[in-house]
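Asks: turn this into a model:
(one chain, ligands or ions: 3)
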Amino acid sequence: MKVPNHVAIIMDGNGRWAKERGMVRSEGHLEGSKTLEKLAIHAMDMGVKVLSVYAFSTDNFKRDKQEVDYLMNLIVKYFNTKFEKINKRGIKVVISGRKENLRRDVIEAINNIQEKTKDNKEGILNICFNYGGQEEIVDAAIKLATDIKEGLNVTNFKREDFYKYLYHDLPPIDLLIRTGGELRVSNFMLYQLSYSEFYFTNTYFPDFGKSEFNKALFMYENRDRRFGGINDKESK
Ligand code: IPE
Ligand code: IPE
Ligand code: MG
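Replies: Ligands and ions are numbered 1, 2, ... in the order given. Model prediction:
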């Protein structure tokens with residue numbers, strides 16, 4: 001089986017999942033967080049090395065304070081207590097995003113989980129929190145500009161060299177999954193998505209379990225990735 005090295009998921013549809021069940025939006029987020037814990041371990045079991053997930057965008061601050069507070073509390077609770085299984089499985093957790101605008105307890109929880117799992121070698125779970133793809137590129141460009149000012153020679157600087165200026169030096173994304181039915185990237189990992197295969201599903205994230213994930217892997221296996229070249233020998 002041809003397994004994608006780096007899978008990214010836009011975990012969308014928690015609110016609609018809850019609404020359809022007559023529940024409040026926060027119950028959808030809680031259910032989604034349970035799905036994530038299971039999926040992270042499953043993805044590694046399937047041979048994926050890096051899983052990036054979109055948990056909270058810089059633009060999600062536009063939502064009601066009540067919902068934002070719920071999501072902040074959920075992340076603190078999860079990082080401080082519920083990530084034991086992920087740690088035991090040998091998964092290193094990294095967080096991508098801006099720390100400005102985050103509460104002190106959220107920053108502490110982020111630092112704790114990164115510190116606790118930093119030596120894990122079985123795979124990487126990259127949680128994008130207070131994250132924006134354009135923001136990541138802008139922040140990287142500022143770091144690069146600083147290095148140039150300090151004397152870095154960029155004569156032979158290549159697109160691959162830019163990765164180390166991003167929040168974490170992760171490989172390009174092979175497969176992007178978006179749950180919840182929308183057909184857009186909503187400012188997610190724009191630099192790393194350049195040659196990704198896209199998989200969109202109407203399934204809301206809380207319902208996106210192992211068998212749904214496997215469907216995406218199966219689809220990926222049958223995609224012909226060309227990276228601008230030509231694979232089919234007969235057409236030469
Ligand atoms: C995704 O679910 C989770 C976050 C953005 C935090 P939504 O909350 O966007 O759910 P819908 O799209 O409103 O159903
Ligand atoms: C993208 O979902 C952000 C996350 C999944 C965290 P949104 O629900 O915020 O995206 P839009 O508003 O539909 O584009
Ligand atoms: Mg949404």
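
Asks: interface residues of the chain facing ligand 1?
Replies: Within the chain, the positions adjacent to ligand 1 are Met11, Asp12, Gly13, Asn14, Gly15, Arg16, Phe56, Asn60, Leu71, Gly180 by CB under 6 Å from any ligand atom. Glycine gets a C-beta too; all of them are placed from N, C-alpha and C.

Asks: right, and Met44 touches Gly123 too?
Replies: Yes - at 4.2 Å, Met44 counts as touching Gly123 under the criterion of CB atoms under 8 Å.

Asks: tell me, what's touching those two both at once?
Replies: Taking CB atoms under 8 Å, 6 or more residues apart in numbering as the contact definition, Met44 and Gly123 share the neighbouring residues Leu51, Arg89, Ile91.

Asks: turn these into JSON lines, columns for secondary structure.
Replies: Formatted as JSON lines, the shared contacts of Met44 and Gly123 follow (DSSP: H, G, I helix; E, B strand; the rest coil):
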{"residue": "Leu51", "secondary structure": "strand"}
{"residue": "Arg89", "secondary structure": "coil"}
{"residue": "Ile91", "secondary structure": "strand"}
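
Asks: could you pull out the strands for the protein?
Replies: For the chain, the strands defined by DSSP state E cover 6-10, 50-57, 91-96, 123-131, 175-178, 197-200.

Asks: okay if I get those strands as a markdown table plus mean neighbour count and mean pLDDT?
Replies: Converted to a markdown table, those look like this (neighbours: other CB atoms under 10 Å; pLDDT from 0 to 100):
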| stretch | mean neighbour count | mean pLDDT |
| --- | --- | --- |
| strand 6-10 | 25 | 99 |
| strand 50-57 | 23 | 98 |
| strand 91-96 | 22 | 98 |
| strand 123-131 | 24 | 98 |
| strand 175-178 | 24 | 99 |
| strand 197-200 | 17 | 98 |
